[in-house]
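# okay, predicted coordinates and the sequence, questions at the end:
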Amino acid sequence: MSQTTAAAGDVTAPATIGARLDRLPILPLHRRLTAVIGVGLFFDTFENNLSGTLGKVLQSDFGFGATSLKLVLASGFLGQFLGSLTLGRIADRFGRRRAFLVNLALYSAFSLLGALAPNAAWLIGTRFLAGLGIGAEQALSDCYLADVLPAGRRGRFISGAYTLAFCGVPAVGFAALWLVPRTPLGVAGWRWLFVLGAVGSAVVWVLRRGLIESPRWLAVNGRAAEAESLVSGMEAEAAGRGLLLTPPETRPEPPAHASTLRDILGPGLRRRTLVLWLFSVLSVVGYYGFGTLAPQIVAAKGYGIVAGLGFTALSFLGYPVGSALALPVVDRVERRTLIALSSAAMVVAGLGFACAGSAALVVVCGFAYTLCSNVFSSVSHVYLSEQYPTVIRATAAGAAYSLSKLSAGALPFALLPVLDAHGPGALFGVIAAAMAVLALTVLTLGERTTGRPVD
């Protein structure tokens, strides 16, 4: 079954690379690739929650004013905005594997430099530059896993990668709780958190050198022989293990021409793109609105820095639990329905967190919120990975993710004044409104994607 790459408008090929990948059973290779991607995403979530978790600590250590704190919280996300746009395009043009190595190298180097920050300006600059690298991590990971995983198990395994990834959120919370009051080797504890992120991402860089390139990407970029070799090897491994292969579907070969960002606003993709852009902007309000500002909200309730870090760390345990709860349902229930239901649950838990009057209720409602938000997040990552053809998938997903990073960068400037002026109730009222619009948009205008080929 040799493969040829067909241009747009060519006749239907008997067995495309994509169809052959979709008919494969789950192999040890799939599990290994998912685990390597998941470990990289672990440090992505560690990074994304680092500045927010340490916000009050940095404000105390550097004597930040309100503007400096907002800039520290926003700078990493602004870097991620540019990184998502740039590295998504690199992934479509030069390969998923190469883009992975670039983004991790940038993040590791500048996160380490952030640990040496002597002042606010240095910290803001290094957070921005580290963001350039980490900004594409989620888009690249989602696209890569969508490329290599069979359609029927795609949701479960992408959610599995994010279950591992979201262990990074309580990890940063508990690491901060342990390190912040200490000065190991005479160095402030918060600086060791930046070192941990840098060293971890360097280890992942080494692991990802062993990733295979996406066969789908190879096929649509004129490297059919390499794609054929990889897929034939996977088919041989399945046969060697006695696993049955169903006949591949007959489906059109994906177009093998260079695409541009302009294509995603062309006929056939315009509505889909606008829905996903709105989705990306609003989802950040609900997701990072809590993760970034939780310590500030706890402080507004009158708790001290160390107590606030403890409450935040316990609340963050809901992140991996919620992602794990998505595993058995993500391929059984339509993605749009799960997104809407989890959005509604986030609203209820968030309003409970805002009104909680005791430490126990703060932790319980915070845990419930993070649990629901990670059911939402896991399904969202799967949904975004399934929207575009291979030739433009990383570019298009990177554009959507870049808007989410821009939105996240604006959050401190938009939400902190609401919290300061009107309290947690008003803050979660804004978040609730955003999630309601998101759920309605996805239910009425979003595409169905569950179990469908991504080609």
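Thanks, I have the structure now.
# where does the prediction get shaky in the protein?
In the prediction, the chain carries residues with pLDDT under 70 at positions 1-15, 51-61, 63-66, 244-261, 291-293, 295, 302-309, 312, 451, 455.
# so the residue nearest the centre of the chain, which of the three states?
Geometric centre of the chain, nearest residue: Q138, 3.7 Å, by Cα atoms, centre = their mean. Classification of Q138 by DSSP: H, G, I helix; E, B strand; the rest coil places it in helix.
# which residues touch it?
Each residue near Q138 by Cβ atoms under 8 Å, 6 or more residues apart in numbering is listed here: 41, 44, 381, 401. No exception for glycine: its C-beta is placed from N, CA and C like everyone else's.
# sort out for me which of these are in strands.
Judged by DSSP state E, these include no members of strands.
# now do the contacts for P150.
By Cβ under 8 Å, 6+ apart, the neighbours of P150 are 21-26, 30.
# phi, psi of it?
Backbone torsions of P150, given as degrees, to the nearest 10, read phi -60, psi 150.
# so what's the residue count around the closest residue to V379 other than its chain neighbours?
Of all residues not flanking V379 in the chain, L338 sits nearest, at 4.5 Å (Cβ to Cβ, 6 or more residues apart in numbering). Each residue near L338 was counted by other Cβ atoms under 10 Å, and the total is 24.
# what's the distance between L338 and H381?
Separation of L338 from H381 (Cβ to Cβ, to the nearest Å) stands at 12 Å.
# likewise for A239?
Between A239 and H381 the computed distance is 32 Å (Cβ to Cβ).
# of those two, which one has the most company?
It is H381, of A239 and H381, that has more neighbours when counted by other Cβ under 10 Å, with 28 against 11.
# show me the contacts for the residue lying closest to that one once chain neighbours are set aside.
Leaving aside its sequence neighbours, H381 sits nearest to D142 (Cβ to Cβ, 6+ apart; 5.2 Å). Counting by Cβ under 8 Å, 6+ apart, D142 touches 158, 381-382, 384-385, 397.
# want to throw those residues into JSON lines with distance to V72?
Shown next, in JSON lines, are these (distance: Cβ to Cβ, whole Å):
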{"residue": "I158", "distance to V72": "31"}
{"residue": "H381", "distance to V72": "26"}
{"residue": "V382", "distance to V72": "32"}
{"residue": "L384", "distance to V72": "28"}
{"residue": "S385", "distance to V72": "31"}
{"residue": "A397", "distance to V72": "27"}
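# what about stretch 147-154, how long is it end to end?
End-to-end distance of stretch 147-154 (Cα to Cα, to the nearest Å): 9 Å.
# quick check: buried residues in that stretch?
For stretch 147-154, the buried set under the neighbour-count rule, 16 or more other Cβ atoms under 10 Å, comprises 147-151, 153-154.
# which ones are touching the residue nearest to V379?
326, 329-330, 375-376, 379.
# cool, and Y287?
Counting by Cβ under 8 Å, 6+ apart, the residues that Y287 touches are 373, 376-377.
# highest neighbour count among those?
Neighbour-wise, the contacts of Y287 (other Cβ under 10 Å) top out at S373, 30 neighbours.
# so what's that residue up against?
Here S373 is in contact with 286-287, 290, 318-319, 322, 342, 346 (criterion: Cβ under 8 Å, 6+ apart).
# that one: helix or strand, and which one exactly?
Following DSSP states H and E, one finds S373 within helix 359-385.
# and the residue nearest to T449 when sequence neighbours are not counted, what does it touch?
For T449, ignoring the flanking residues on the chain, the nearest one in space by Cβ to Cβ, 6+ apart is E386 at 4.0 Å. When contacts are counted by Cβ under 8 Å, 6+ apart, E386 touches 146, 154, 335, 449, 452, 454.
# still on that earlier bit, of the contacts of Y287, which is the nearest to R262?
Closest to R262 out of the contacts of Y287 is S377 (29.3 Å), distances taken as Cβ to Cβ.
# wait, the closest one touches A161, no?
No. Counting by Cβ atoms under 8 Å, A161 is not a contact partner of S377; they are 11.9 Å apart.
# quick revisit: next one: the helix holding S373 to chain centre, how far?
Computed by Cα atoms, centre = their mean, to the nearest Å, the chain-centroid distance of helix 359-385 equals 14 Å.
# quick one: secondary structure of R448?
Strictly by three-state DSSP, R448 counts as coil.
# ok, back up a step: distance to F413 and secondary structure added to the contacts of S373, as TSV?
Below are these laid out as TSV (distance: Cβ to Cβ, whole Å; DSSP: H, G, I helix; E, B strand; the rest coil):
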residue	distance to F413	secondary structure
G286	17	helix
Y287	17	helix
F290	17	helix
G318	27	helix
Y319	25	helix
G322	28	helix
S342	27	helix
M346	22	helix
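# buried residues in stretch 269-279?
269, 272-273, 275-279.
# distance between stretch 98-111 and the chain's centre?
Its chain's C-alpha centre and that of stretch 98-111 lie 16 Å apart, by Cα atoms, centre = their mean.
# repeat for stretch 124-137
The answer for stretch 124-137 is 14 Å, by Cα atoms, centre = their mean.
# before we move on, what about stretch 185-199?
That offset, for stretch 185-199, works out to 24 Å (Cα atoms, centre = their mean).
# could I get the buried residue list for it?
189-194, 196-198.
# which ones among those map onto strands?
Among these, none falls in strands (DSSP E).
# distance of I37 from A171?
17 Å.
# between those two, which one's more packed in?
Shown here are I37 and A171; by other Cβ under 10 Å, I37 has more neighbours (29 against 22).
# so that one touches A146, yeah?
No. If you go by Cβ under 8 Å, I37 and A146 don't touch, sitting 11.1 Å apart.
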